[in-house]
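J.: what's the 3D shape of this:
(chains A and B)
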Protein chains: 2
Amino acid sequence: MICNFGAGPCILPQEVFKQASQAVLNFNDTGLSILEISHRAPEFEAVVDETIKLVKELLNVPEGYSVLLLQGGASTQFSMVPMNLLAEGQSAAYLDSGAWASKALKEAKLFGEVKVVASSKESNYTFIPKDYEIPADAAYFHYTSNNTIFGTELFETPKTSVPVVCDMSSDIFSREINVSDFGIIYAGAQKNMGPAGVTLVIIKDELLGKSGRKLPSMLDYKIHADNKSLYNTPPVFSIYVSMLNLQWLKSKGGVAAIEQENIAKAAALYEEIDRNPLFKSPCAVEDRSRMNICFVMENKELEKPFLKLAEERGMVGIKGHRSVGGFRASIYNALPITAIHSLIDVMQEFAETVK
Amino acid sequence: MICNFGAGPCILPQEVFKQASQAVLNFNDTGLSILEISHRAPEFEAVVDETIKLVKELLNVPEGYSVLLLQGGASTQFSMVPMNLLAEGQSAAYLDSGAWASKALKEAKLFGEVKVVASSKESNYTFIPKDYEIPADAAYFHYTSNNTIFGTELFETPKTSVPVVCDMSSDIFSREINVSDFGIIYAGAQKNMGPAGVTLVIIKDELLGKSGRKLPSMLDYKIHADNKSLYNTPPVFSIYVSMLNLQWLKSKGGVAAIEQENIAKAAALYEEIDRNPLFKSPCAVEDRSRMNICFVMENKELEKPFLKLAEERGMVGIKGHRSVGGFRASIYNALPITAIHSLIDVMQEFAETVK
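T.: Residues are numbered from 1 along each chain as shown, chains lettered A, B, ... in the order given. This is a model prediction of the structure:
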């Protein structure tokens, strides 16, 4: 039995794989593959509509927001956000809580002044900075809700009078959020939304066309909003599989229900990390991520043999990122709790062998 | 029997659909779906390597060029090209031969002066302009090799001393080209390369970092070249299916062999259009595309009933683009000549009924 703890692209539900596999042969009984269907075909426009409808429903997106399905990943959003929101001469506020937050603010510097309100870089991003001030004259405040690499998560949206922009790539659809707290939410799909190749943007309509810059069409949120994400050929299959995955999430009871499962999954694994004398978490307890659980060993020399045993037992993708070392179990929505139990079993089995 | 004449996303070989469908369930006997595999996994890095190798092999890409697999489609290239090649104060030369050429030059205007060397817009793009001069001081010359919407194709690369940039979205891999004639070739994959969601760029290395502009990382060819197209999470599945499709093309004898088939397919259909008194081609004979064959009816009132009959006979995607009207048969590499024969049969059957 394989347990896929990969950080992304990551596990999706088996039924989604089955439906997607079938649609590659015959999409919706059209006799055509989903890969050869026109993006202007009514059958595919229905897929886009349904995907956007599911995003709105699952996240309770209020009136006055547009849901966009784009390309280029969060990395493209790192520059689209300042291009679209930051007028000449303005500044933007960024919270530096991890590698992706740091990349985002670096890209923003091309378009204006960046004020870093706080950073945990000095301590290798083991915690989320608190007690900082967000300048009231910033064009927007940007943060990353979950730090995939370092295993920390910011559960409470920072309070500010300026529009809040959030990179939710690795925790969107894993827990309830209040969309009206945000100006822009963006996320590469390849964690809890779908496969790689599509990027979700939820933007408050009043922010469309805000910067006054003349932008390339593909980098202008307004163009995509006006064209209902069909300005050019979209990533058809990635959108289709996202739709299937969001349908699965809805059938599971939606975000509120999956959040309870995610809390239980994370609690079980952290409990073992805290209990098992061989392992420890490098992250501040109050900032521990529910999606990406980093852990290291007290004795570094045991990491290789533990990894070997875990891989023998079917654990995939648990080697930690080089920035942290040790291990990282990414436990996204589709990962069943039985996989967590299997990992805990391996941790306990390994502890027995080194007694 | 369905015959998919769609303009793109379009037909791919049935064996590619079968392999892709299987990989969604179990990729390379890993026990994992291609949709859940890490883009940093050696098995997927091998897919990227193989795809790039096949592009180089099939197009005889010489030393000194980089092959990039990006996102955002040709529409994103419309702005990436000037961003990366056009230094402040420089001008670029564009041939306006169709709707996409026109969009490309519009985007370039954001970054500098655009000199339109010639345009066939006045005659609704029914021919490819000839006998124009390309300014020797242009930073580059841009053209579209095949006009998907208007059904014209430019077979001979224009001669100039400046770098030639070509949008080959709809005819790349359909005929032999001399890559060393070009500074940049780009193409949305969704015709002869693979499914939607990945964009091919072939760039002469000496053009990397040419404009001196400070670019967002995701819009800088050099970043992608330095990172072997894995700067961020790539569109995994679209790349994988492109690899399968290029393997299929290689097994068919490569571009030279498919070009002969494409010549035969196009000749058969144009012959019927010219022969059958009900139909005519709106395009200049010498500029007729081998990929997208536009045809209209002498009597417009017969177009609806002909479309109805064709659809009844299993023809998909032959309604013409609204800019041209009538019909368009896109006859990409994977469309078998039997589909052309079926379409010809319908044209003849219809002619019989209106005698």
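
J.: A:E153: what's its closest spatial neighbour, skipping adjacent residues?
T.: Beyond its immediate neighbours in the sequence, the residue positioned closest to A:E153 (CB to CB, 6 or more residues apart in numbering or on different chains) is A:S289, lying 3.9 Å away. C-beta coordinates here come from the backbone N, C-alpha and C atoms, glycine included.

J.: wouldn't that neighbour be in contact with A:P282 here?
T.: No. In this structure, A:S289 is not within contact of A:P282 by CB atoms under 8 Å, at 11.6 Å.

J.: the more surrounded of these two?
T.: Remark: of A:S289 and A:P282, A:S289 carries more neighbours, 27 against 19, as counted by other CB atoms under 10 Å in any protein chain shown.

J.: Residue ranges of each domain in chain A, please.
T.: Residue ranges for the structural domains of chain A, counted by automatic domain parsing, are given in the record as A:14-251, A:254-353.

J.: now for the ones you listed, which one comes closest to B:S38?
T.: Minimum separation from B:S38 across the domains of chain A (CB to CB) falls at domain A:254-353, 6.1 Å.

J.: Identify all contacting residues around the longest helix along chain A.
T.: Longest helix in chain A by number of residues (criterion: DSSP state H): helix A:254-275. For helix A:254-275, contacts defined as CB atoms under 8 Å, 6 or more residues apart in numbering or on different chains pick out A:57-59, A:173-176, A:249, A:252, A:279-281, A:288-291, A:293, A:295, A:329, A:331, A:333, A:335, A:337, A:340-341, A:343-344, A:347-348.

J.: how about 7 Å then?
T.: Counting contacts by CB atoms under 7 Å, 6 or more residues apart in numbering or on different chains, the residues outside helix A:254-275 that touch it are A:58-59, A:173-176, A:249, A:252, A:279-281, A:288, A:290, A:293, A:295, A:329, A:331, A:333, A:337, A:340, A:343-344, A:347.

J.: One more: stretch A:208-223?
T.: Taking CB under 7 Å, 6+ apart as the criterion, the residues outside stretch A:208-223 that touch it are A:68, A:80, A:83-87, A:201, A:203, A:225, A:231, B:72, B:75-76, B:79, B:107, B:110.

J.: repeat for stretch A:8-26
T.: Under the contact criterion CB under 7 Å, 6+ apart, stretch A:8-26 has outside partners A:4, A:33-35, A:148, A:170, A:190-191, A:195-196, A:240-241, A:244-245, A:248, A:330, A:332, A:334-335, B:17, B:20-21, B:24-25, B:33, B:35-39, B:233, B:236.

J.: give me that answer again for 8 Å
T.: By CB under 8 Å, 6+ apart, the list of residues contacting stretch A:8-26 reads A:4, A:32-35, A:148, A:169-170, A:188, A:190-191, A:194-196, A:237, A:240-241, A:244-245, A:248, A:317, A:330, A:332, A:334-335, B:17-18, B:20-22, B:24-25, B:33, B:35-39, B:233, B:236.

J.: in it, what's buried?
T.: Within stretch A:8-26, the residues that qualify as buried are A:8-13, A:16-17, A:19-21, A:23-25, counting by 16 or more other CB atoms under 10 Å in any protein chain shown.

J.: same check, this time on stretch A:110-125
T.: Result for stretch A:110-125 [16+ other CB under 10 Å]: buried residues A:110-112, A:114, A:117-120, A:125.

J.: That one and chain B, are they touching?
T.: Yes. Judged by CB under 8 Å from any CB of the partner chain, stretch A:110-125 comes into contact with chain B through A:L110.

J.: and the residue lying closest to A:K121 once chain neighbours are set aside, what does it touch?
T.: Once its chain neighbours are removed from consideration, A:K121 has its nearest residue in A:D96; the separation is 6.0 Å (CB to CB, 6+ apart). Taking CB under 8 Å, 6+ apart as the criterion, A:D96 is in contact with A:102, A:105, A:116, A:118-121, A:129.

J.: any idea of the pLDDT on A:D96?
T.: pLDDT, A:D96: 98.

J.: cool, A:G209 as well?
T.: At A:G209, the model reports a pLDDT of 89.

J.: Give me the neighbour count for it.
T.: Other residues lying near A:G209 total 16 when counted by other CB under 10 Å.

J.: which phi and psi does it have?
T.: Dihedral angles of A:G209 (phi, psi; degrees, to the nearest 10) stand at phi 70, psi 20.

J.: What residues does the stretch 101-250 of chain A have near chain B?
T.: Neighbours of chain B within the stretch 101-250 of chain A, by CB under 8 Å from any CB: A:103, A:107, A:110, A:188, A:190, A:195-198, A:214-219, A:231-238, A:241.

J.: Just the ones of those residues in helices?
T.: Secondary-structure check on these using DSSP H: residues within helices are A:103, A:107, A:236-238, A:241.

J.: out of those residues, who's nearest chain B?
T.: Nearest to chain B among these: A:V236, at 4.6 Å, using CB to the nearest CB.

J.: List the contacts of the closest one.
T.: A:V236 sits next to A:34-35, A:37, A:39, A:44, B:9, B:195-197 when contact means CB under 8 Å, 6+ apart.

J.: again, only using 10 Å
T.: Under the criterion of CB atoms under 10 Å, 6 or more residues apart in numbering or on different chains, the contact list for A:V236 reads A:27, A:34-39, A:41, A:44, A:47-48, A:197-198, B:9, B:190, B:195-197, B:238.

J.: Same check on A:K228?
T.: When contacts are taken as CB under 10 Å, 6+ apart, A:K228 is in contact with A:45, A:48-49, A:52, A:66-69.

J.: Among those, the buried ones, what's the PyMOL command?
T.: Per 16+ other CB under 10 Å, the buried members of those correspond to this PyMOL selection:
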select buried, chain A and resi 48+52+66+67+68+69
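
J.: Switch the contacts of A:K228 over to a markdown table; also include distance to chain B.
T.: Formatted as a markdown table, the entries for these read as follows, by distance: CB to the nearest CB, whole Å:
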| residue | distance to chain B |
| --- | --- |
| A:E45 | 13 |
| A:V48 | 12 |
| A:D49 | 18 |
| A:I52 | 18 |
| A:S66 | 19 |
| A:V67 | 19 |
| A:L68 | 13 |
| A:L69 | 11 |
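
J.: Of the contacts of A:K228, which belong to strands?
T.: Among the contacts of A:K228, the subset assigned to strands under DSSP state E consists of A:66-69.
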